[in-house]
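**Student:** the following comprises the amino acid sequence and a computationally predicted model.
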Amino acid sequence: MPADVIIGGQWGDEGKGKIVDLLASKYSAVVRFSGGNNAGHTVINDLGEFKLHLIPSGILHDNVTCIIGNGCVIDPKVLLYEIDKLKDVGIKVSPKNLMISDKAHIILPRHIEKDSEQEKARGDFKIGTTGRGIGPAYMDKVARSGHRMENIAEWPEWEEKLGGHITSTQKLLRDLLDKDENVLLEGAQGALLDIDHGSYPFVTSSNSTIGGALTGTGLVPSDIRDTIGIFKAYATRVGEGPFPSEIEKSNPVAKHLLEKGHEFGTTTGRERRCGWFDIESAKHSIMTNGFNKIAIMKLDVLDGIKEIKVLNNIDNKIKYDTLSGWDQSTIGIKDYSDLPENAKKYLNYLEKELEIKIDIISTGPKRDQTISN
């Protein structure tokens, strides 16, 4: 069977973790293909609330193999901490259900130190790094001076606990696909943070778009079936960088989105900058990744906003479209027909402007607070 890919369509924090958790039971394996513990996926289900930074969100499902691909960079201390936290609440984690690519690179203390030093040296031109050593680890990878997980014997304390998880995940994935098993590739961050296709230099250090899904796993283009783009019903961004549709912090709508949407970074705890949905940026993500399905997340956060704006520039001229909001609560709605009429109009507007069907609508943080079209 081909593999499906989930990719964030904005600047990260779109709600990818919820969608992976929602779909994971349909797959034999869930795979992280890029980034490191600079990403954070929050999942809320019957087992509780989980904040995952390295381990794929599929770990919360029995009979799902979780894989950290070769495109990732791994801080062993963080990974071991995450494993222990899961085990503490009864989640099984072993070499049978968590496998790590032997080609994934290791984040060392010197990378974290260098990350902090570089950001400090930038002064007023800082890029908003999470300070987790991600960029310097990728620098060493490109400079061919890094250490890969296959070299973990150099650190006996890590080898003892992680050695059994390390394997050729490319071969493992090929074997699964050859056996007609379903595989889900879980993206980190978002398309607009991609090192090549994002708002450079205010980007992450890896390819968070569809190309990274291939190079970060060793799969080939013909392996991919569906590419699913995840978008919030509005927009947020953490840290520095351009944000065309940003709402001024003093605007009550920005406060509404921040507080009702709990817009604080899973990894850093920083407040997220909030803004309106941006059609042009979304179209860029659709073009770059070839999305054939999309999900709209956090529709319920827009409840109670009188007027909803959408940035829809024409010929490089700033243009906002204004749609009527709704007072009724959408939290937990599971049937499209039960949505307020203005919520339906907003979703129809997005489909029309983006020229793509919305397959999933999230009406709350929990797994079952979802509409599937």
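**Tutor:** Structure received.

**Student:** and the gap between Asp226 and Thr169?
**Tutor:** For Asp226, the distance to Thr169 (C-beta to C-beta, to the nearest Å) stands at 21 Å. For glycine as for every other residue, the C-beta is placed from the backbone atoms N, C-alpha and C.

**Student:** more crowded one of the two?
**Tutor:** Taking other C-beta atoms under 10 Å, Asp226 and Thr169 do not tie; Thr169 has more neighbours (25 against 14).

**Student:** residues touching that one, list them.
**Tutor:** Applying C-beta atoms under 8 Å, 6 or more residues apart in numbering to Thr169 gives the contacts 31, 67-70, 99-102, 217-218.

**Student:** rerun at 6 Å
**Tutor:** Counting by C-beta atoms under 6 Å, 6 or more residues apart in numbering, Thr169 makes contact with 67, 69, 99, 101.

**Student:** of those residues, grab the buried ones for ChimeraX.
**Tutor:** Per 16 or more other C-beta atoms under 10 Å, the buried members of the contacts of Thr169 correspond to this ChimeraX selection:
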select :67,69,99,101
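
**Student:** just the helices in the stretch 1-150 of the chain please.
**Tutor:** 16-23, 76-88, 109-122, 134-142 (DSSP state H, counting those that start in this stretch).

**Student:** and the angle from the second one to helix 109-122?
**Tutor:** On the basis of axes from the mean of the first three to the mean of the last three C-alpha atoms, to 10 degrees, helix 76-88 is oriented at 110 degrees to helix 109-122.

**Student:** and helix 76-88, what does it pack onto?
**Tutor:** Using 3 or more C-beta pairs under 6 Å, 6 or more residues apart in numbering; DSSP states H and E, no helix or strand is in contact with helix 76-88.

**Student:** which outside residues touch that helix?
**Tutor:** The contact list for helix 76-88, computed with C-beta under 6 Å, 6+ apart, reads 37, 54-55, 93, 158, 161.

**Student:** same check, this time on the last one
**Tutor:** Applying C-beta under 6 Å, 6+ apart, the contact partners of helix 134-142 are 36, 38, 73, 105, 107, 111, 114-115, 146, 205.

**Student:** 10 Å instead?
**Tutor:** With C-beta atoms under 10 Å, 6 or more residues apart in numbering as the test, helix 134-142 has contacts from 34-39, 71-75, 103-108, 110-119, 127, 129, 145-148, 195, 204-206.

**Student:** can you tell me which of those end up in strands?
**Tutor:** 73-74, 105-106 (DSSP state E).

**Student:** got these as CSV, with pLDDT columns?
**Tutor:** Converted to CSV, the ones in strands among the contacts of helix 134-142 look like this (pLDDT from 0 to 100):
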residue, pLDDT
Val73, 97
Ile74, 97
His105, 98
Ile106, 98
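
**Student:** now these: which count as buried?
**Tutor:** Of the members of those, the ones counted as buried by neighbours, 16+ other C-beta under 10 Å, are 73-74, 105-106.

**Student:** so can I have a markdown table of these showing distance to Ile356?
**Tutor:** Shown next, in a markdown table, are those (distance: C-beta to C-beta, whole Å):
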| residue | distance to Ile356 |
| --- | --- |
| Val73 | 32 |
| Ile74 | 34 |
| His105 | 35 |
| Ile106 | 39 |
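
**Student:** please, which helix or strand holds the closest residue to Ile152 other than its chain neighbours?
**Tutor:** Leaving out its chain neighbours, the residue that sits closest to Ile152 by C-beta to C-beta, 6 or more residues apart in numbering is Glu159, at 4.8 Å. For Glu159, the element it lies in under DSSP states H and E is helix 156-162.

**Student:** check Ile228 too.
**Tutor:** If you go by DSSP H and E, Ile228 is part of strand 224-232.

**Student:** the helix or strand following that strand - what's its average pLDDT?
**Tutor:** Sequence order places strand 235-237 as the next helix or strand after strand 224-232, per DSSP H and E. Taken as a whole, strand 235-237 has an average pLDDT of 97.
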